[in-house]
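Trainee: Here is a sequence together with a model predicted from it:
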Amino acid sequence: MYMFWKVYFVHFSKEYGCYFKAVKMRKIYGYMLWMMFCFSLCAQENILTITTWNIQTFGRTKTESNRIYPIAEILSSSDITIVQEIRDRNWYGWVAQSVIACMDNERNWKFAVSVPLGRTSSKENYLYIYDSDRLELYNSCGMCIGIDPDTFSDLNGDGFIGSDEIMFHAEVFPDYQDWFERPPSAVLMKCIDDSFDAILINTHIRPSDAKAEIFYLDNVAEYFSELFGEHDILVAGDFNADGSYFDETLLKQAFSDKNFFSVITDEYDTTVSAANLTYDRIICTQAMQEDFTGEVEVLMITPYIRVAQEKYRYNDVFSEKNISDHYPVRSYWYTDRDEE
């Protein structure tokens, strides 16, 4: 019922602690109805929230500062978050372990992470942080992957506890043609108590090669579909699909309407900068239309900074840019309508 509104500006609700990229207001009650509807979705057991977020240069510097607390507050507000730009110089998983230690302890958080990726010495990991009471993640061998921080602490350098190998690595696209600076990763997500499942592809497109890399993503989706034997595919991440990097009108050529639909459309602003840029995207195969509620939001960071500051009583004053140059993008999904 809200699709006729255009996205123009930000509305902040202090009561709920969230900013929204809201719709153009015709009357104030329209906003209140929209917010109440989004939060009613969160409260429903048959609704799953999937968020994507590029947390700029998320490594030791941020995890060892108070900036980790607003990040943890945001991650705690979603059932699963697909994260880009993890910089883990040590054994990968340390950053995830650090942030989960600060997250909502009433939920049982686990993570899966890719190996470090990149052509140069500056490498990044793809990360998935999720509520293990609601979800399970699998690799292409059908093995349940994901690890909690306590188990991760017990691992030795080879990824074993005693003689038992612990699996927590996301699949990585075998980029034999060297198409990508950072080849996308993927996991198969399954709801524990419902029918909803999907392949989650995590990608961070290189800005200077955005046009070429974005057009290769349909090949990536096809590869993982065959690998996992699954047609429900969600491609999420920092596409750099706007501005000087990419003509966003070309997305329909890269992802045809016959096979895909965009959850995040061109009118959304997903960056902290003053410019209106839709860098971050969620694009899904048409098979997922039955699962999508039609609701999506771009979360501002400032409310979570305030919540964390009040909660932990630190004196640091952070701007949104101190946390990241991208906003988190959240989508809402029905968990009981997947008939595949």
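Mentor: In hand now; what should we look at?
Trainee: And the residue nearest the centre of this protein?
Mentor: T52 (1.9 Å; C-alpha atoms, centre = their mean).
Trainee: burial of R67, as a residue count?
Mentor: 20 (other C-beta atoms under 10 Å). All C-beta spots, glycine's among them, are computed from the backbone N, C-alpha and C.
Trainee: OK, contacts around it?
Mentor: Contacts for R67 (C-beta atoms under 8 Å, 6 or more residues apart in numbering) come out as D316, F318, N322, I323.
Trainee: returning to that earlier point: would you mind naming the helix or strand containing the residue nearest to the centre of the chain?
Mentor: strand 47-58 (DSSP states H and E).
Trainee: Setting aside sequence neighbours, what's the nearest residue to the residue nearest to the centre of the chain?
Mentor: A236 (3.9 Å; C-beta to C-beta, 6 or more residues apart in numbering).
Trainee: where's that neighbour relative to A112, distance?
Mentor: Computed as C-beta to C-beta, to the nearest Å, the A236 to A112 distance reads 14 Å.
Trainee: just I74 next, same as before
Mentor: I74 sits at a distance of 19 Å from A112 (criterion: C-beta to C-beta).
Trainee: show me what contacts the residue nearest to Q56 when sequence neighbours are not counted?
Mentor: Distance criterion C-beta to C-beta, 6+ apart; nearest residue to Q56, sequence neighbours excluded, is S324 at 4.4 Å. By C-beta under 8 Å, 6+ apart, the residues touching S324 are W53, N54, I55, Q56, F58, I71, V272, I301.
Trainee: out of the residues you listed, which is most surrounded?
Mentor: Greatest neighbour count in the contacts of S324, by other C-beta under 10 Å, goes to W53: 30 neighbours.
Trainee: in the sheet, who's paired with that residue?
Mentor: In this entry, W53 is beta-bridged to V83, by DSSP bridges.
Trainee: what number of residues lie near S132?
Mentor: 17.
Trainee: likewise F239?
Mentor: Residues near F239, counting by other C-beta under 10 Å: 30.
Trainee: let's number from 497 now, not from 1
Mentor: New numbering, starting at 497: the last item is F735.
Trainee: Let me see the contact set for the closest residue to it other than its chain neighbours.
Mentor: Leaving aside its sequence neighbours, F735 sits nearest to R777 (C-beta to C-beta, 6+ apart; 4.5 Å). Applying C-beta under 8 Å, 6+ apart to R777 gives the contacts V731, A732, G733, F735, A737, L747, S758, V759, I760, V825.
Trainee: what do you get if the cut-off is 6 Å, keeping everything else the same?
Mentor: By C-beta atoms under 6 Å, 6 or more residues apart in numbering, R777 lies in contact with F735, A737, I760.
Trainee: what mean pLDDT does the host helix or strand of it have?
Mentor: R777 belongs to strand 776-781 when assigned by DSSP H and E. Across strand 776-781, pLDDT averages out at 98.
Trainee: Run the angle between whichever helix or strand comes after it and strand 543-554 for me.
Mentor: Counting by DSSP H and E, the next helix or strand C-terminal to strand 776-781 is strand 788-794. Strand 788-794 and strand 543-554 are oriented at 30 degrees to each other (axes from the mean of the first three to the mean of the last three C-alpha atoms, to 10 degrees).
Trainee: Walk me through which strands the strand holding R777 pairs with, and which way each runs.
Mentor: strand 729-734 (antiparallel), strand 756-758 (antiparallel).
Trainee: Alpha carbons only: can I get it in PDB?
Mentor: Written as PDB, here are the backbone C-alpha positions of strand 776-781 (Å, rounded to 0.1, in the frame of the first residue of the first chain):
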ATOM      1  CA  ASP A 776      24.300  -1.000  -2.200                       C
ATOM      2  CA  ARG A 777      21.900  -3.400  -3.800                       C
ATOM      3  CA  ILE A 778      19.800  -6.500  -3.200                       C
ATOM      4  CA  ILE A 779      18.900  -8.300  -6.400                       C
ATOM      5  CA  CYS A 780      17.000 -11.600  -6.400                       C
ATOM      6  CA  THR A 781      15.900 -14.200  -8.800                       C
END
